[in-house]
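> This is the structure alone, sequence omitted:
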């Protein structure tokens, strides 16, 4: 059986062309050229000058993904062609999400370093210059539940990280935590721990939160 290979491509969008259509400027371009192993689950945010794109990357182990990223200019130039290692912690890191605020990006992901069966939510700040400011990661939530599929937003002062949370109730709930620009998780006093956002009767779909 042949192993599947995924690559990251970007498509720059130009001016509107016809009703309900967008014209592509110069076609898609390759963002990550690091090798032939699987890369998937991309996410991207704009900092006012460049984009930061992040993804799952299996370059170091075909069975265990890390989180990598690369900056891309507005003209489509890839500024980090070999990628930025955002997290290479033990075991797997999956499903990155990010937002920009206060001069840095906050990247969050589900992380299996502590338990191969029950992921936690970790994050790391990445500067506009492409420096990973928290190479060991920021532990955002470590409840003994199955925490997955984070999404991130910024309100002009703090970040909000939300995720799917399985195990506190009968099914999946939505929880969230605020993270300051100094990478401190802002704990709630009443009740302690993260904020429950939603407790639906069924499993929620993938999460997204808009930035201001």
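Good, I have the coordinates. Quantities reported herein were computed from a predicted structural model and do not represent experimental measurements.
> so where's the protein shaky on pLDDT?
Filtered on pLDDT under 70, the chain yields the residue ranges 1-26, 169, 188-212.
> switch to 80 and redo it
For the chain, the stretches with pLDDT under 80 are 1-27, 33-36, 144, 167-170, 181-183, 187-212.
> What segments of it are helices?
Shown for the chain, no helices are assigned by DSSP state H.
> which residues does residue 57 contact?
Counting by C-beta atoms under 8 Å, 6 or more residues apart in numbering, residue 57 makes contact with 32, 34, 37-39, 65-68, 83. From N, CA and C alone the C-beta is placed, and that goes for glycine too.
> and which of these is nearest to residue 123?
residue 67 (9.9 Å; C-beta to C-beta).
> Spatially, which residue comes closest to residue 56, not counting chain neighbours?
Residue nearest to residue 56 in three dimensions, not counting chain neighbours: residue 65, with 4.0 Å by C-beta to C-beta, 6 or more residues apart in numbering.
> contacting residues for that neighbour?
38, 40, 56-58, 92-94.
> now do 6 Å
By C-beta atoms under 6 Å, 6 or more residues apart in numbering, residue 65 lies in contact with 56, 58, 92, 94.
> gap between residue 59 and residue 40?
Applying C-beta to C-beta, to the nearest Å, the value for residue 59 to residue 40 is 12 Å.
> who has more neighbours, the two?
Neighbour count, other C-beta atoms under 10 Å: between residue 59 and residue 40, residue 59 has more, with 19 against 15.
> so the more buried one touches residue 32, yeah?
No: Residue 59 sits out of contact with residue 32 when judged by C-beta atoms under 6 Å, with a separation of 8.9 Å.
> For residue 178, give the beta-bridge partners.
residue 160, residue 186 (DSSP bridges).
> any idea how far residue 28 is from residue 138?
In terms of C-beta to C-beta, residue 138 sits 33 Å off from residue 28.
> And for residue 44?
14 Å.
> Look at the residue nearest to residue 101 when sequence neighbours are not counted and say how many residues are nearby.
Of all residues not flanking residue 101 in the chain, residue 154 sits nearest, at 3.1 Å (C-beta to C-beta, 6+ apart). If you count neighbours by other C-beta under 10 Å, residue 154 ends up with 23.
> Check residue 103 too.
11.
> Also residue 113?
Counted with other C-beta under 10 Å, residue 113 comes out at 17.
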